[in-house]
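Colleague: Whatever this is, show me its structure:
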Amino acid sequence: MRYICALTIAGSDSCGGAGVQADIKTMSALGVYAASAITAVTVQNTQGVQAIQAIEPEIVAGQIKAVMDDIQPNTVKIGMVNDKATIQTIADTLKLYPGTTLIVDPVMVSTSGSMLMQQDALDIFCRQLLPMANLLTPNIPEASVLSHTSIQTADDMDQAALRILSLGCEAVLIKGGHLEGDRKIDKLYLADGRTEVYEHATIETRNTHGTGCTLSSAIASFLARGLDMCQAIAQAKDYLSQAIEAGKDVEIGKGHGPVDHFFNPEKLKIWYRKSQFIFSSQLSENPHKIRKQTKTNKKEYDTVYNPFQ
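Modeller: Numbers count the residues shown, from 1 in each chain. Coordinates of the predicted model:
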């Protein structure tokens, strides 16, 4: 048996509301063991970002390899990637681990309005990292940048999504939190043409720091727990809405405060192997077939039983 695990590749937020800190809190609250690879250290608080120091690309790659080779996370979430060298390094490193479920949150601008991705990094992000994503989770401003489209309505979201999907990702979830109205609508677009709509009541609060990080990490967590994409997004949306509601009136700092990640924390989830028994009589009857099955079962960890779904 082992813990269900997810890896976050993201920047550090010194005030703890967003970035890798929000990712670890979210994953932990949802019963998923959280590993991390830090891409940058930010100097920030609830009022804004004052400085960003990127981590050397070889150190970023080393962190990812150390976790992937040893812990073997069920899913990987990518958040803030600040510069071209880091983006290329992450893409090159993750290509060493084909089949990894990858959630990419294209963090470009903080809640306070600070730029978090260098302008010259966008092209390599779209060419190298975006096509590897099983799911991309841009908000309205980020989707506008990626699609070169002004998004003012739900119809605009549809057009933007088609352009983003053409860049190569399997699915895109455009978050409609920046649109006006008493209901917030997020829409999932799949490469096969299917769509799903997720709708929640608008919660009036200033405490929205790290909501994008929290949602993408929650999706990664529920995928790691074995849910399919549509189910994982629905569960993640519910979790985020409850976290915002729980922390909407709490004051911490002078700006945009965080959500309450631990409003209802869960224990760490464990996956159990199914026992594999091979009898000597079977080996003598068809040794080639049995060896092939044994190799497959050993490689996949996977015929696993998850009692928590």
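
Colleague: what residues go with each domain of this structure?
Modeller: Split into domains by automatic domain parsing, the chain comes to 2-271, 277-305.

Colleague: can you give me the end-to-end distance of the first one?
Modeller: Read that as domain 2-271. By CA to CA, to the nearest Å, the extent of domain 2-271 from end to end equals 5 Å.

Colleague: what ranges of the stretch 101-250 of the chain fall below the confidence cut-off?
Modeller: Within the stretch 101-250 of the chain, the stretches with pLDDT under 70 are 110-115, 178-181.

Colleague: quick one: the strands in it?
Modeller: Ranges of strands within the stretch 101-250 of the chain are 101-104, 135-136, 171-174, 183-190, 195-201, based on DSSP state E, counting those that start in this stretch.

Colleague: what sits against the nearest residue to Pro138 once chain neighbours are set aside?
Modeller: Distance criterion CB to CB, 6 or more residues apart in numbering; nearest residue to Pro138, sequence neighbours excluded, is Pro106 at 5.1 Å. For glycine as for every other residue, the C-beta is placed from the backbone atoms N, C-alpha and C. Taking CB atoms under 8 Å, 6 or more residues apart in numbering as the contact definition, Pro106 lies against 117, 125, 130, 136-138, 142, 146.

Colleague: Narrow the residues you listed to those in helices?
Modeller: 142, 146 (DSSP state H).

Colleague: So what touches the strand or helix carrying Met68?
Modeller: Using DSSP states H and E, Met68 sits in helix 57-70. For helix 57-70, the external contacting residues (CB under 8 Å, 6+ apart) are 7, 9, 35-39, 73, 85-86, 88-90, 92-94, 96-97, 100.

Colleague: Pull out the buried positions in it.
Modeller: 57, 60-61, 63-64, 67-68 (16 or more other CB atoms under 10 Å).

Colleague: Would you convert those residues into a markdown table that also reports pLDDT?
Modeller: Formatted as a markdown table, those follow (pLDDT from 0 to 100):
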| residue | pLDDT |
| --- | --- |
| Pro57 | 97 |
| Val60 | 98 |
| Ala61 | 98 |
| Gln63 | 98 |
| Ile64 | 98 |
| Val67 | 98 |
| Met68 | 98 |
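
Colleague: Can you tell me which of those residues lies closest to Gly255?
Modeller: Val60 (28.5 Å; CB to CB).

Colleague: quick one: that closest one from Gln21, how far?
Modeller: With distances taken as CB to CB, to the nearest Å, Val60 is found 17 Å from Gln21.

Colleague: C-terminal to the helix or strand encompassing Ile38, what's the next element?
Modeller: Using DSSP H and E, Ile38 falls within strand 33-45. As assigned by DSSP H and E, the chain's next helix or strand after strand 33-45 is strand 48-54.

Colleague: Can you name every helix or strand that that following strand contacts?
Modeller: strand 33-45 (3 or more CB pairs under 8 Å, 6 or more residues apart in numbering; DSSP states H and E).

Colleague: Against which helices or strands is the strand it packs on packed?
Modeller: strand 5-13, helix 19-29, strand 48-54, helix 57-70, helix 84-94.

Colleague: what angle separates the first one from strand 33-45?
Modeller: This means strand 5-13. 10 degrees (axes from the mean of the first three to the mean of the last three CA atoms, to 10 degrees).

Colleague: Can you point out the buried residues in strand 5-13?
Modeller: By neighbour count on 16+ other CB under 10 Å, the buried set for strand 5-13 is 5-13.

Colleague: from those residues, which single one is nearest Leu190?
Modeller: Among those, and counting by CB to CB, the member closest to Leu190 is Ala6, at 21.8 Å.

Colleague: For that closest one, name its beta-bridge partners.
Modeller: Under DSSP bridges, the beta-bridge partners of Ala6 are Ala34, Thr75.
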